[in-house]
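Predicted model and sequence below, questions to follow.
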Amino acid sequence: MSPGTRYFHQDRLRVPDGAQLYYQVQGDGLPGMVFCDGLGCDGFAWKYLAPYLVRNHRVLRWHYRGHGRSTVPEDRSRIGMLYTCDDLRRMLDAVGMERVVLFGHSMGVQVALEFQRRYAQRVCGLVLVCGSYGNPLDTFHDSTVLKRAFPLIRGVVERYPEQSARIIHTVLRTELAVQLAITLEMNRERIARNDLAPYFDHLARMDPVVFVRTLESMAEHNAWDHLPHVDVPTLVVAGGQDKFTPGWISEEMADRIPGAELELIPEGTHTTPLEAPGRVEARVERFLRERLNVRTGAPSPPPTPVVSPPAGP
């Protein structure tokens with residue numbers, strides 16, 4: 001490896017039930033950093049934070065079963081939270097990462113908390129971003145509408161998977177879908193269309209059965225009872241305008257985890273790491289320096305998002 005070249009390796013890890021899990025390892029330096037994505041995501045939320053941390057740390061990014069470049073197991077019922085923590089443990093063993101800081105976004109917060117519960121000796125810190133400890137269907141938009149509708153949605157997807165996939169693919173490939181999401185769910189003044197587009201592209205290609213089964217497993221998971229027992233430094237990052245995971249959930253979580261720190265970004269939504277990257281980097285750098293005695297380097301200036309103009313009528 002030539003001077004100045006950072007370590008980079010990508011591969012797939014085959015687990016005992018046949019799933020092949022994609023992973024990417026980049027950079028050098030301890031402690032290692034691991035990114036756990038949200039449901040239906042393949043890493044888009046870490047666009048700015050991951051390269052920042054790679055400067056001084058080894059960073060692992062990986063895809064859950066049926067997400068991104070990972071395949072599903074031979075038994076397609078083996079999908080969801082029940083298997084994710086064991087997958088991550090095998091992943092850490094495969095890449096030789098012993099103790100790590102876990103970063104979780106959205107569903108990744110549940111993954112990080114559950115992993116810390118099961119494999120506490122492998123975790124030296126938690127950064128929990130725009131996510132909940134469990135039961136996301138109960139709090140989506142501060143309403144139970146999605147919870148009541150979910151059994152019907154899942155039933156349709158399970159019964160008509162090919163038709164559901166075609167409809168979802170068609171809808172999510174439209175510019176209208178992207179613009180509606182930006183307008184209704186994100187901070188239009190701060191999110192760049194090019195930052196959000198990869199999410200829609202991945203979601204359009206994803207097997208809808210994998211999506212609903214993973215969502216169901218999230219709804220059945222709850223780490224509330226574990227929060228008082230989290231014994232590693234923890235930073236909770238929340239968006240004040242987050243409708244997917246309302247900010248009060250993050251406040252509640254930070255209050256319940258001993259010694260946890262809360263960074264509430266008032267103008268942030270569920271995509272806060274993309275909307276306020278400089279602020280998130282600076283807060284993570286301070287957390288790592290003060291609580292874990294490590295340094296990532298001076299925060300980079302926040303990029304200026306190229307915000308797409310509203311779609312025409």
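Received it, and whenever you're ready, just let me know what you need.

Ramachandran coordinates for the residue nearest to D17 when sequence neighbours are not counted?
Distances taken as C-beta to C-beta, 6 or more residues apart in numbering place P73 nearest to D17, at 4.1 Å, with adjacent residues excluded. All C-beta atoms are positioned from the backbone trio N, CA, C, and that covers glycine. With angles defined as degrees, to the nearest 10, P73 sits at phi -70, psi 170.

Count the neighbours of P73 for me.
If you count neighbours by other C-beta atoms under 10 Å, P73 ends up with 17.

what's it in contact with, if anything?
By C-beta atoms under 8 Å, 6 or more residues apart in numbering, P73 lies in contact with 15, 17-19, 65, 79.

Am I right that G104 is in a helix?
No. Under the criterion used here (DSSP: H, G, I helix; E, B strand; the rest coil), G104 is strand, not part of a helix.

Strands along the stretch 101-250 of the chain, start to end?
Ranges of strands within the stretch 101-250 of the chain are 123-129, 234-239, based on DSSP state E, counting those that start in this stretch.

Now tabulate those strands in TSV and tack on mean neighbour count.
As requested, the strands of the stretch 101-250 of the chain are exported to TSV (neighbours: other C-beta atoms under 10 Å):
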stretch	mean neighbour count
strand 123-129	25
strand 234-239	26
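
And the residue nearest to D17, how far from Q26?
P73 sits 27 Å away from Q26, going by C-beta to C-beta, to the nearest Å.

Which positions in stretch 185-197 come out as buried?
185-188, 190-193, 195-196 (16 or more other C-beta atoms under 10 Å).

Pull the most distant pair out of those.
Largest separation among the buried residues of stretch 185-197 by C-beta to C-beta: E185 and A192, giving 14.7 Å.

With mean pLDDT and distance to V157 added, can I get the strands of the stretch 101-250 of the chain in CSV?
Formatted as CSV, those follow (pLDDT from 0 to 100; distance: least, C-beta to C-beta, whole Å):
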stretch, mean pLDDT, distance to V157
strand 123-129, 98, 28
strand 234-239, 98, 29
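
Of all those, which one comes closest to R99?
strand 123-129 (4.7 Å).

So what touches that closest one?
Residues from elsewhere that reach strand 123-129 (C-beta under 8 Å, 6+ apart): 31, 45, 99-106, 108-109, 112-113, 115-116, 230, 232-238, 250, 253, 272-273, 280, 284, 287-288, 291-292.

ok, back up a step: sort out which of the contacts of P73 are buried, if you could.
By 16+ other C-beta under 10 Å, the contacts of P73 give 15, 19, 65, 79 as buried.

Local confidence estimate at the closest residue to the second one other than its chain neighbours?
For A19, the nearest residue in space outside its immediate sequence neighbours is P73; the separation is 4.1 Å by C-beta to C-beta, 6+ apart. On the pLDDT scale, P73 is placed at 93.

Tell me the spacing between E185 and P31.
For E185, the distance to P31 - C-beta to C-beta - is 33 Å.

Ok, F287 next?
Counting by C-beta to C-beta - F287 and P31 are separated by 12 Å.

Comparing the two, which shows the higher neighbour count?
F287 (22 against 19).

isn't the more buried one right next to L235, touching?
Yes. The pair F287 / L235 is scored as a contact, 4.4 Å apart, by C-beta atoms under 8 Å.

and for the two, which residues touch both?
125, 127, 261.

now the residues you listed as TSV including distance to T245?
Converted to TSV, the shared contacts of F287 and L235 look like this (distance: C-beta to C-beta, whole Å):
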residue	distance to T245
G125	21
V127	15
E261	18
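
How about the helix or strand L264 falls within, which residues are buried there?
L264 is located in strand 261-265, with elements delineated by DSSP states H and E. Across strand 261-265, burial judged by 16+ other C-beta under 10 Å covers 261-265.
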